[in-house]
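[1] My questions are about this predicted structure, shown below with the sequence.
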Amino acid sequence: MKNYTHIDDIDDLHSWIEEAKALKKNPLKNQELGKNKTIGLLFFNSSLRTRLSTQKAALNLGMTPIVMNISEDAWGIEFGDKTIMNGSTAEHIKEAAAVVSQYCDVIAVRAFPSLTDKEKDESEEVLTAFMNYASVPVMNMESATGHPLQGLTDAITISENTTKKKPKVVLSWAPHVKALPHAVANSFIQAMQKMDVDFVIANPKGYDLNPEITKNTRIYHDQEAAFKNADFVYAKNWSSYEDYGNISKTDMDWMLTKKKIGDAKFMHCLPVRRNVVVEDAVLDSDHSLVIEQANNRTFAAQLVLKKIIEND
Ligand code: CP
């Protein structure tokens, strides 16, 4: 595996999950593997978990991480081809990616969508440009349409928390005050489609995700019906895909509550808005896996980096 940019870069999810669990038991086992190697973490957007867990993963492998808030601290980067750069951008991605490749053995990028231009967001302009112009492997730390490190993490967390052969997993839309991207939901769906789970999606009408991603996964517009016999309920807000990037539903009747989830385990990628997405009584109960999920971000990233280095 050269790059890790999509859940489809996982060739065998079951074996990756087992390998991640083994790394978690002995995280410093491969300290020699990354010795004298550097990973550059480039953030076009905010982060807590991805920023820290990916650095931790690199350190566990003996790598040196260097981090840049690229939108705030670097020159404005131009992504257009043949652009006359007489505007606000000062450096082209062709030079920027080539230069960073000289300092780093792996480049990891976080770049969210605009949520105003579906075609541009789906082209994954930033991630694709790094893949095209960097001479080293590229890792996706959440792009316009996917968050494959989170998707792998969530698969590991479900595997660790079930004894059932085929648990029921529900991805439920939840309310939010802002228009949010589809990336986490997309990668979670793609991961669940590769796992041996009974997987359904629950969202209000007007919030169906990209049908090229949901494929034949069952979609309920009735949250209560979807939650019946659920073992895991994963809450996430996303803005409308059909009415791209917009929010039409603002009432709280889809908020996750203790009563709604019953005996199911609760999952969320974090950060989460308490008493908007989910009530305190869920997050503060032993049904919540959110802290465990965040811990597993380290081992998902460590496994991905290990595979990238071993392939290099
Ligand atoms: N889940 C996640 O990606 O968290 P951050 O946005 O804080 O990195």
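    Thanks, I have the structure now.

[2] so which helix or strand takes in residue 150?
    Applying DSSP states H and E as the criterion places residue 150 in helix 148-160.

[3] for the helix or strand following that helix, packing partners?
    Toward the C-terminus, helix 148-160 is succeeded by strand 168-173 as the next helix or strand (DSSP H and E). Counting contacts by 3 or more C-beta pairs under 8 Å, 6 or more residues apart in numbering; DSSP states H and E, strand 168-173 packs against helix 183-193, strand 198-202, helix 223-227, strand 232-236. (Each C-beta comes from the backbone N, C-alpha and C, glycine too.)

[4] what does the stretch 51-200 of the chain have sitting close to the ligand?
    Residues of the stretch 51-200 of the chain lying close to the ligand by C-beta under 6 Å from any ligand atom are 142, 150.

[5] the helices in the stretch 51-200 of the chain, which residues?
    Ranges of helices in the stretch 51-200 of the chain, per DSSP state H, counting those that start in this stretch, are 70-73, 93-103, 118-122, 125-133, 148-160, 183-193.

[6] From the contact counts, what lies against the longest one?
    Yep, that's helix 148-160 we're talking about. helix 13-25, strand 138-140, helix 183-193, strand 265-267, helix 290-311.

[7] To residue 26, which of the helices of the stretch 51-200 of the chain lies closest?
    helix 148-160 (15.5 Å; C-beta to C-beta).

[8] Give the buried residues for the helix or strand bottoming out on mean pLDDT in the chain.
    The helix or strand of the chain with the poorest confidence is helix 70-73; it has a mean of 94 (mean pLDDT, DSSP states H and E). Using 16 or more other C-beta atoms under 10 Å as the test for burial, helix 70-73 gives residue 70.

[9] thinking in terms of the whole chain, how far from its middle is it?
    In terms of C-alpha atoms, centre = their mean, to the nearest Å, the centre of helix 70-73 is set 21 Å apart from its chain centre.

[10] Same question for stretch 59-70.
    Worked out by C-alpha atoms, centre = their mean, stretch 59-70 lies 19 Å from the chain centre.

[11] likewise stretch 134-146?
    Remark: stretch 134-146 is offset 11 Å from the chain centroid, using C-alpha atoms, centre = their mean.

[12] Now do that stretch: distance from first to last residue.
    Counting by C-alpha to C-alpha, to the nearest Å, you get 20 Å between the two ends of stretch 134-146.

[13] still on that earlier bit, quick one: mean pLDDT for the helix holding residue 150?
    On average, the pLDDT along helix 148-160 is 98.

[14] if we can go back for a sec, need the helices of the stretch 51-200 of the chain in CSV with distance to residue 82, can you?
    Formatted as CSV, these follow (distance: least, C-beta to C-beta, whole Å):
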stretch, distance to residue 82
helix 70-73, 23
helix 93-103, 11
helix 118-122, 17
helix 125-133, 14
helix 148-160, 31
helix 183-193, 29
